[in-house]
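Peer 1: Give me the fold of what follows.
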Amino acid sequence: MAVSTIDIGFDIGEESRIREAVAEIPEQLTIDWVFVATGWLHDNGRGPEKTFRSLDADNLLHAYRVNAIGPALLLKHLIPKLNPSHGSKLGIVSARVGSVSDNRLGGWHSYRASKAALNMLIKNFAIELARNKRRHIIVGLQPGTTDTALSAPFHRNVAKGKLQAPDYTAEQLFKVMQQLRPDDSGGLFDFLGIPFAP
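Peer 2: Numbers count the residues shown, from 1 in each chain. Sure, this is the predicted structure:
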């Protein structure tokens, strides 16, 4: 059977664009998996805060928009298109540094807080989906330190052998998604499939 692909681009920070993009997905399409891989830690003019003295409203708002609000709004519009009896798996890229219970270093305020908010949203979605008898599984996924533009400025701080190739990370997250069970919904899992606390 031939597999066709549909390339739909949109701005994760604009709900109207998200709505338009989701509307382009054919109604008859059965969606098995959804993988949301958004993230903002820094750009040319802004970096992660090392101290509360560096907090800036625009940075905080941007981090929340990309890391938490955008994925939540995408799910808001996408979930109604999923077949409730089919049971789709939804993996949302989060971060272990967004774990409140695991935070021992502090800093990176905007990124940590926005990913912690994302983790709460994932849990909320899971509870609501279960309550409405929808068979979808939604989890947060921690990809590990992967060799991408997001992690590039911090490679010198990564222990030898701990910087992962993008292909390896993708394969690992694929394996984690394959193994998800209904009672995993709302949880957080690293790239090895090991759960971690929010």
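Peer 1: When you work out contacts or count neighbours from here on, use the C-alpha atoms and nothing else.
Peer 2: OK.
Peer 1: Now the phi/psi pair for the residue nearest the centre of the chain, please.
Peer 2: By C-alpha atoms, centre = their mean, the chain has its centre lying nearest to Val93, at 2.5 Å. The phi and psi values for Val93, taken as degrees, to the nearest 10, are phi -70, psi 120.
Peer 1: Could you list the buried residues of the longest helix seen in the chain?
Peer 2: As assigned by DSSP state H, the longest helix anywhere in the chain is helix 109-131. Buried residues in helix 109-131, defined by neighbour count with 16 or more other C-alpha atoms under 10 Å: 109-123, 125-126, 129-130.
Peer 1: The one helix or strand Gly91 maps to pairs with which strands, parallel or anti?
Peer 2: If you go by DSSP states H and E, Gly91 is part of strand 89-93. Take DSSP bridges as the rule and strand 89-93 pairs in its sheet with strand 33-36 (parallel), strand 137-142 (parallel).
Peer 1: and that strand with helix 109-131, angle?
Peer 2: Per axes from the mean of the first three to the mean of the last three C-alpha atoms, to 10 degrees, the angle that strand 89-93 makes with helix 109-131 is 170 degrees.
Peer 1: hey, C-alpha coordinates of strand 89-93 in CSV?
Peer 2: Extracted C-alpha coordinates of strand 89-93, given in CSV (Å, rounded to 0.1, in the frame of the first residue of the first chain):
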residue,chain,number,x,y,z
LYS,A,89,-0.4,7.7,20.7
LEU,A,90,0.6,11.3,21.3
GLY,A,91,4.2,12.0,22.3
ILE,A,92,5.1,15.5,23.3
VAL,A,93,8.8,16.5,23.7
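Peer 1: starting at the chain centroid, how far to that strand?
Peer 2: Chain-centre distance of strand 89-93: 6 Å, with C-alpha atoms, centre = their mean, to the nearest Å.
Peer 1: And the average pLDDT for it is what?
Peer 2: Average pLDDT, strand 89-93: 96.
Peer 1: circling back to that earlier point, measure the residue nearest to the centre of the chain to Ala37 for me?
Peer 2: Per C-alpha to C-alpha, to the nearest Å, Val93 is found 5 Å from Ala37.
Peer 1: Same question for Arg17.
Peer 2: 17 Å.
Peer 1: same question, Gln164
Peer 2: 16 Å.
Peer 1: ok, now Asn132?
Peer 2: 26 Å.
Peer 1: Mind jotting down where the helices sit in this structure?
Peer 2: 15-23, 57-64, 70-78, 109-131, 166-179.
Peer 1: related to what we said a few turns ago, list the buried residues of the strand holding Gly91.
Peer 2: Neighbour-count burial for strand 89-93 [16+ other C-alpha under 10 Å]: Lys89, Leu90, Gly91, Ile92, Val93.
Peer 1: can you check stretch 165-173 too?
Peer 2: Buried residues in stretch 165-173 (16+ other C-alpha under 10 Å): Thr169, Gln172, Leu173.
Peer 1: next one: stretch 45-55
Peer 2: Quick answer for stretch 45-55 (16+ other C-alpha under 10 Å): Gly47, Pro48, Glu49.
Peer 1: need those residues in CSV with distance to Gly193 and pLDDT, can you?
Peer 2: What follows is the buried residues of stretch 45-55, written out as CSV (distance: C-alpha to C-alpha, whole Å; pLDDT from 0 to 100):
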residue, distance to Gly193, pLDDT
Gly47, 30, 85
Pro48, 27, 90
Glu49, 29, 92
